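> how would this look folded up:
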Amino acid sequence: MTKFQLGRVVAPPALEAIEASGQEPSFFLDRHIQGDWGWVDDFDKRANDQALIDGDRLLSVYLTLKSVRIWIITEAADDDGKRAVTTILLPHEY
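Numbering: from 1, shown residues only. So this is what the prediction gives:
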């Protein structure tokens, strides 16, 4: 079940890492919008769960099949509750 809208999806160099692992970005995006936050700590899990209610930023962390860590960040919602952009990135890009 989708818990929020992604908005526009941006995937700079992380896309290459995902494709190099033989995976598709949609695999990770599907997990993200279903509230499977991946490898985040308990603090970030609670923050994400609260962000579903109050519209703050959402963060998920996943590992590709080649053990490359990727982050997916969906920016905070606007005044209408819409999220404008989701970025897939490598941690060093943040």
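
> Make sure residue 9 is indeed in a strand.
Yes - under DSSP: H, G, I helix; E, B strand; the rest coil, residue 9 falls within a strand.

> Settle this for me: it is touching residue 86, isn't it.
Yes - counting by CB atoms under 8 Å, residue 9 touches residue 86, with 5.0 Å between them. Where you see a C-beta, it was placed from the backbone N, CA and C, and this is true even at glycine.

> Which one's more surrounded, these two?
More crowded of residue 9 and residue 86, by other CB atoms under 10 Å: residue 86, with 22 against 14.

> ok, the more buried one - contacts?
By CB atoms under 8 Å, 6 or more residues apart in numbering, the contact set of residue 86 is 6, 7, 8, 9, 10, 29, 32, 72, 73, 74, 75.

> wait, isn't the first one in contact with residue 77?
It stands for residue 6. No - in this structure residue 6 lies outside contact range of residue 77 using CB under 8 Å: 11.7 Å.

> Now do the shared contacts for the two.
Residues touching both residue 6 and residue 77 by CB under 8 Å, 6+ apart: residue 83.

> From residue 16, how far off is the nearest residue to residue 3 once chain neighbours are set aside?
Sequence neighbours aside, residue 35 is the residue nearest to residue 3 in space, at 4.8 Å (criterion: CB to CB, 6 or more residues apart in numbering). According to CB to CB, to the nearest Å, residue 35 stands 27 Å off from residue 16.

> so how far is residue 41 from the nearest residue to residue 11 once chain neighbours are set aside?
In space, residue 11 comes closest to residue 88 once its chain neighbours are excluded; the distance is 4.0 Å by CB to CB, 6+ apart. Counting by CB to CB, the gap between residue 88 and residue 41 amounts to 20 Å.

> ok, now residue 82?
28 Å.

> Can you list the residue ranges for strands in the protein?
8-10, 58-63, 69-74, 85-89 (DSSP state E).

> the inter-axis angle of the third one versus strand 58-63?
It refers to strand 69-74. Counting by axes from the mean of the first three to the mean of the last three CA atoms, to 10 degrees, strand 69-74 lies at 160 degrees to strand 58-63.

> and strand 69-74, which strands flank it?
Sheet pairing here is set by DSSP bridges, and for strand 69-74 it gives strand 58-63 (antiparallel), strand 85-89 (antiparallel).
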